[in-house]
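Peer 1: Coordinates for the following, if possible.
(2 chains)
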Amino acid sequence: MKQHLQKLFTQALEQLQISQDIRLERTRDNQHGDFACNIAMVLAKKLHKKPRDIATSIVEKLPKDDFIAKVEIAGPGFINIFLTKQAYYATIDDILRLKTEYGKNQLGNNQSVLIEFVSANPTGPLHVGHGRGAAYGAALANLLQTVGFKVHKEYYVNDAGRQMDILAVSVWLRYLELCDETIEFPANGYQGDYIWDIAADLHRNHAAMFHKKITEIFADIPPDEKDGGDKELHIDGLIQRSKQLLEKDYKIVFKQALDTILANIRHDLEKFGVEYEEWFPESNLTDTNKVQQTIDQLQAANHTYEKDGALWFKASDFGDEKDRVIVRDNGQFTYFASDIAYHKNKLERGFDQLINIWGADHHGYVPRVKTAMTALGYNAEQLTVLLVQFATLYRGKERLQMSTRSGEFVTLRELREEVGRDAARFFYIQRKSEQHLNFDLELAKSQTNENPVYYIQYAHARICSVMRQLTEQGQSWQHNKLANLETAHEQALLVMLARYPEVIEMAAIAHEPHQLTYYLRELAQNFHSFYDTHKILVTDNELRDARLSLTAAVQQILQNGLTIIGVSAPEVM
RNA sequence: GCGCUCGUGGCUCAGCCCGGAUAGAGCGUUGGCCUCCGGAGCCAAAGGUCACAGGUUCGAAUCCUGUCGAGCGCGCCA
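Peer 2: Below is the predicted model:
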């Protein structure tokens, strides 16, 4: 509807030989009609004319249209458009005809988008901090798909770095404890209970196959932190020693740890309703020498130099604040190096746009990756990084820590089991992503009925109930005679329904799924209010059918919207 | 110190990108509503100098500058 009106305005302006972007807005007050346009005031300065005079001449040129009932010039020069009832009845017709397709458009023009999100290191289970990225990414992917993008969801699995070695060593040490050895667990090891579980599996399947003497393992290893040493050197020493002693078997331990945790993550995400087209392993890049090749390319283009034994990328040549190391003095690639290779790989796969969803603590990292893309000859504009603020977790007034290393965290699984998938997903995206989120577990658990998600779902369930009643009475209905919809409640619902495509479009373009949650709440509210005031299943068949048409349309929109944000639309609650 | 993000009723937040007509919700508080399609509901009331100070503008919660306050980032960590 909005687009339709914009076309009419464009035609009017063409006749006046003015070119200007037209901005139409829904009015807050229906006294001002359905849409308002402030174009006359925008043009006033440019044309040196009074806004109201400009408005008058535009209105004169506005083509006649079945959907426009009345056009008024108001206030300082607003052009207010009043739509005909036909315009709103057409919306109902469209919704009931197009069903789940309603609200879709071709704005994205079938461009391909790779959207990468969560990508948590497989060193432990997903915790509630990751949940927000998961919920946001999945909802955004759905939105982009709805407006006509070809969406490819991807999880980048960091399975090749030092962190993974630390994980493997942690598992191995716990395994040795299960072999009745007594060890000092390293300060920098992973301490969570899940490490024990993996170790136990290892012990069950391989018995004492990986058992080595403790004295042999810890001989000449730099002291740990608690003994006055450096915990990093200590763990690095242990990694080296593990590889020496276990030889080929190291891979078995490593793989067991990785596979178990990854399976766990996949399972959690699946249960959370988040699915990916691809799980892209970092080892894919390292094993095929892609990281080295990328570095070679940067070197060949003279974008690197050596200093203090390390290889640096001249990021500052491309606008970053300082140069960045890509190969450490010990010969290892930095995380940044494989990230450059990964983004190069993404672009080589031919995607038109890349979207990364990162925790806000990575914001300093954004220019770094972009400069690398520029240096490699790509257009950095193709990459959009969306930052999601971390959720601060509270249990009542107590602020909880979330550290994978120390093993102190609430897992995504626990959250899902305690507050439910629908409530959790809704809770995560109802706030703007770059807004800090206070997630109070007590509140989410104890007052789940007050979560707005139930309010919306209840509206849907209520409608389903009405439909059931009708069937139970052995009746059916036909979609016609919408002219009977005259009350204020019905009018308000018609307007809400007509707004849906506008909300979808805006939410998708702005990457703001929370817009949709607010809309759905308002729609549900309008419905509850209508339902409370007017009976739907009245004896007058024509009025009943008109109200059922409206109701069915509301049901459809609730379902469409909830599906996009990953929340179910239950028939009963 | 530099950079990024944020400051809107008691609490949690929309609105800001793209300035516009009385600043909106939810929770909480107070008072009403079930002989009637599901009360996880409805109706109503109280409650806000939009952090502060300047500036731009016919017009600023919205744009600009500064101040104060909060969070995060500034590693050969990932």
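Peer 1: how close does the residue of chain A most remote from its centre sit to A:Ile221?
Peer 2: When each C-alpha in chain A is compared with the mean C-alpha position (CA atoms, centre = their mean), A:Thr215 comes out farthest, at 49.3 Å. Using CB to CB, to the nearest Å, A:Thr215 is found at 11 Å from A:Ile221. The way it works is simple: take the backbone N, C-alpha and C, and place the C-beta from them, glycine included.
Peer 1: still on that earlier bit, for the residue farthest from the centre of chain A, give its distance to A:Ala138.
Peer 2: 50 Å.
Peer 1: swap in A:Leu415?
Peer 2: As it turns out, when the distance is counted by CB to CB, A:Leu415 lies 15 Å from A:Ala138.
Peer 1: what do you get for A:Thr392?
Peer 2: Using CB to CB, we find A:Thr392 at a distance of 22 Å from A:Ala138.
Peer 1: give the contact list for A:Pro186.
Peer 2: Residues in contact with A:Pro186 (CB atoms under 8 Å, 6 or more residues apart in numbering) are A:169-170, A:173, A:224, A:231, A:234-235, A:238.
Peer 1: And the residues you listed, which is closest to A:Phe530?
Peer 2: A:Ser170 (58.3 Å; CB to CB).
Peer 1: and that closest one, what does it touch?
Peer 2: With contact taken as CB under 8 Å, 6+ apart, A:Ser170 is in contact with A:185-186, A:189-191, A:195, A:257.
Peer 1: Make CSV from the residues you listed and add secondary structure to it.
Peer 2: Below are the contacts of A:Ser170 laid out as CSV (DSSP: H, G, I helix; E, B strand; the rest coil):
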residue, secondary structure
A:Phe185, coil
A:Pro186, coil
A:Gly189, coil
A:Tyr190, coil
A:Gln191, coil
A:Ile195, helix
A:Ala257, helix
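Peer 1: Show me which of those residues are buried.
Peer 2: A:186, A:189-191, A:195, A:257 (16 or more other CB atoms under 10 Å).
Peer 1: how about the helices of the stretch 451-573 of chain A, start to end?
Peer 2: Defined through DSSP state H, counting those that start in this stretch, the helices belonging to the stretch 451-573 of chain A, from first to last, are A:452-472, A:488-509, A:514-533, A:541-564.
Peer 1: likewise the stretch 151-300 of chain A?
Peer 2: A:162-178, A:193-206, A:214-218, A:231-246, A:249-271, A:283-287, A:290-300.
Peer 1: Point out the one among the ones you listed that comes closest to RNA strand B.
Peer 2: When the helices of the stretch 151-300 of chain A are compared for distance to RNA strand B using CB to the nearest atom of the strand, the nearest one is helix A:162-178, at 4.5 Å.
Peer 1: hang on, the earlier thing: mind checking which of the helices of the stretch 451-573 of chain A is nearest A:Ile58?
Peer 2: When those are ranked by proximity to A:Ile58, the top entry is helix A:488-509, at 22.0 Å, counting by CB to CB.
Peer 1: Return the item of the contacts of A:Ser170 having minimum pLDDT.
Peer 2: Checking pLDDT across the contacts of A:Ser170, the minimum falls on A:Gln191 at 88.
Peer 1: That residue contacts A:Phe185, doesn't it?
Peer 2: Yes. Judged on CB atoms under 8 Å, A:Gln191 makes contact with A:Phe185 at a distance of 7.2 Å.
Peer 1: winner for burial among the helices of the stretch 451-573 of chain A?
Peer 2: Sort the helices of the stretch 451-573 of chain A by mean neighbour count, taking mean count of other CB atoms under 10 Å, and helix A:541-564 sits at the top with a mean of 21.
Peer 1: what helices or strands is that one leaning on?
Peer 2: In this structure, helix A:541-564 makes packing contacts with helix A:85-98, helix A:128-146, helix A:452-472, helix A:488-509, helix A:514-533, judged by 3 or more CB pairs under 8 Å, 6 or more residues apart in numbering; DSSP states H and E.
Peer 1: Pipe these into a markdown table and attach distance to A:Asp53 and mean pLDDT per row.
Peer 2: Shown next, in a markdown table, are the helices and strands packed on helix A:541-564 (distance: least, CB to CB, whole Å; pLDDT from 0 to 100):
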| stretch | distance to A:Asp53 | mean pLDDT |
| --- | --- | --- |
| helix A:85-98 | 28 | 94 |
| helix A:128-146 | 41 | 94 |
| helix A:452-472 | 46 | 94 |
| helix A:488-509 | 30 | 93 |
| helix A:514-533 | 36 | 95 |
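Peer 1: For these, give me JSON lines that also has distance to RNA strand B.
Peer 2: Output for those, formatted as JSON lines (distance: least, CB to the nearest atom of the strand, whole Å):
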{"stretch": "helix A:85-98", "distance to RNA strand B": "18"}
{"stretch": "helix A:128-146", "distance to RNA strand B": "12"}
{"stretch": "helix A:452-472", "distance to RNA strand B": "3"}
{"stretch": "helix A:488-509", "distance to RNA strand B": "6"}
{"stretch": "helix A:514-533", "distance to RNA strand B": "3"}
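Peer 1: Can you add distance to A:Val567 and give those back as a markdown table?
Peer 2: Listed next are these as a markdown table, based on distance: least, CB to CB, whole Å:
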| stretch | distance to A:Val567 |
| --- | --- |
| helix A:85-98 | 19 |
| helix A:128-146 | 9 |
| helix A:452-472 | 6 |
| helix A:488-509 | 15 |
| helix A:514-533 | 9 |
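Peer 1: Select, out of those helices, the one closest to A:Thr371.
Peer 2: With CB to CB as the criterion, A:Thr371 lies closest to helix A:128-146 of the helices and strands packed on helix A:541-564, at 23.9 Å.
Peer 1: Now do that closest one and helix A:514-533, the angle between them.
Peer 2: In this structure, helix A:128-146 runs at an angle of 80 degrees to helix A:514-533, with axes from the mean of the first three to the mean of the last three CA atoms, to 10 degrees as the basis.
Peer 1: re the thing from before, which ones are touching the residue farthest from the centre of chain A?
Peer 2: Neighbour list for A:Thr215: empty [criterion: CB under 8 Å, 6+ apart].
Peer 1: do A:Ala310 as well
Peer 2: A:325, A:327-329.
Peer 1: Quick check: phi and psi at it.
Peer 2: The phi and psi values for A:Ala310, taken as degrees, to the nearest 10, are phi -110, psi 160.
Peer 1: What score does it have for pLDDT?
Peer 2: pLDDT for A:Ala310: 94.
Peer 1: beta partners for it?
Peer 2: With DSSP bridges as the criterion, A:Ala310 is bridged to A:Lys307.
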